[in-house]
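K.L.:
Okay, here's the prediction I keep looking at, along with the sequence it came from:
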Amino acid sequence: MMKLLLLPVLIGFACCVAGLYGMIHNQISYTVAPEYFTAFKFRQFRISDTLPPRLGAALVGWQASWWMGALIGAPIGMATLFLPTLTQVATVFLRVTLLVVAITLALGCASLLIPVGPDIIALIPIPQGVVDSRAFARAGLMHDSSYLAGILALLIGLAWVIRRVRRARAASSGGA
């Protein structure tokens with residue numbers, strides 16, 4: 001019963017980590033393309049022009065990503081409930097959360113290495129008036145690929161948790 005009561009705490013923690021991830025992620029993508037925010041994201045998220053742009057980018061990051069913590073944290077949290085102890089549940093959840101963040105950040109940043117030519121620029125809706133369409137497309141690609149990376153990281157994290165659960169159960173049953 002105590003493990004079940006821990007689940008909302010784990011999911012809340014995952015939401016906070018995802019929100020912080022989004023804030024940091026957007027500092028990177030703001031560096032790549034400030035126009036991605038000034039010409040698109042600030043309008044999309046109704047960020048005031050009076051805010052410093054970096055703070056606005058952080059707010060967009062929070063709003064755009066906190067919910068991914070629930071999407072990713074809920075299935076991982078439920079899977080960790082099959083571990084024998086509360087300590088194992090919390091420890092494995094924390095480790096998987098860090099693993100998911102590392103995978104998502106690495107793949108999101110790796111997308112910055114993709115050459116952005118006219119074929120990719122054509123796939124990304126770029127508002128009129130954007131001066132550096134290549135940088136805008138690169139930031140857009142980073143954002144889109146980060147969501148896909150989060151889903152991939154969820155699958156990897158679930159596989160890791162399932163492996164940990166099997167090991168813990170085998171150890172508690174004497175290896176039978």
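P.N.:
That came in fine, so what should we check first?

K.L.:
buried sites along the lengthiest helix in the chain?
P.N.:
Assignment by DSSP state H gives helix 133-172 as the longest helix of the chain. Using 16 or more other CB atoms under 10 Å as the test for burial, helix 133-172 gives 133-143, 145-146, 149-150, 153-154, 157-158, 160-161, 164-165, 168. The C-beta positions use only the backbone N, C-alpha and C, and glycine is treated the same way.

K.L.:
Would you state the helices of this protein in chain order?
P.N.:
Under DSSP H, the chain gives helices at 2-32, 34-36, 42-44, 53-80, 86-110, 118-121, 133-172.

K.L.:
List the contacts of Arg164.
P.N.:
83, 88, 92 (CB atoms under 8 Å, 6 or more residues apart in numbering).

K.L.:
Now render the residues you listed as CSV, adding pLDDT, distance to Leu4 and neighbour count.
P.N.:
Shown next, in CSV, are those (pLDDT from 0 to 100; distance: CB to CB, whole Å; neighbours: other CB atoms under 10 Å):
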residue, pLDDT, distance to Leu4, neighbour count
Leu83, 95, 13, 22
Gln88, 95, 15, 16
Val92, 96, 16, 20
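
K.L.:
would you turn those into CSV with distance to Ala70?
P.N.:
Converted to CSV, those look like this (distance: CB to CB, whole Å):
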residue, distance to Ala70
Leu83, 21
Gln88, 22
Val92, 18
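
K.L.:
Looking at the residues you listed, which is nearest Asn26?
P.N.:
When these are ranked by distance to Asn26 (CB to CB), Val92 comes first, at 28.9 Å.

K.L.:
need the contact list for that closest one.
P.N.:
Counted by CB under 8 Å, 6+ apart, Val92 has contacts 80, 83, 161, 164.

K.L.:
Make CSV from those residues and add distance to Pro53 to it.
P.N.:
CSV is the format used below for those (distance: CB to CB, whole Å):
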residue, distance to Pro53
Thr80, 39
Leu83, 44
Val161, 39
Arg164, 42
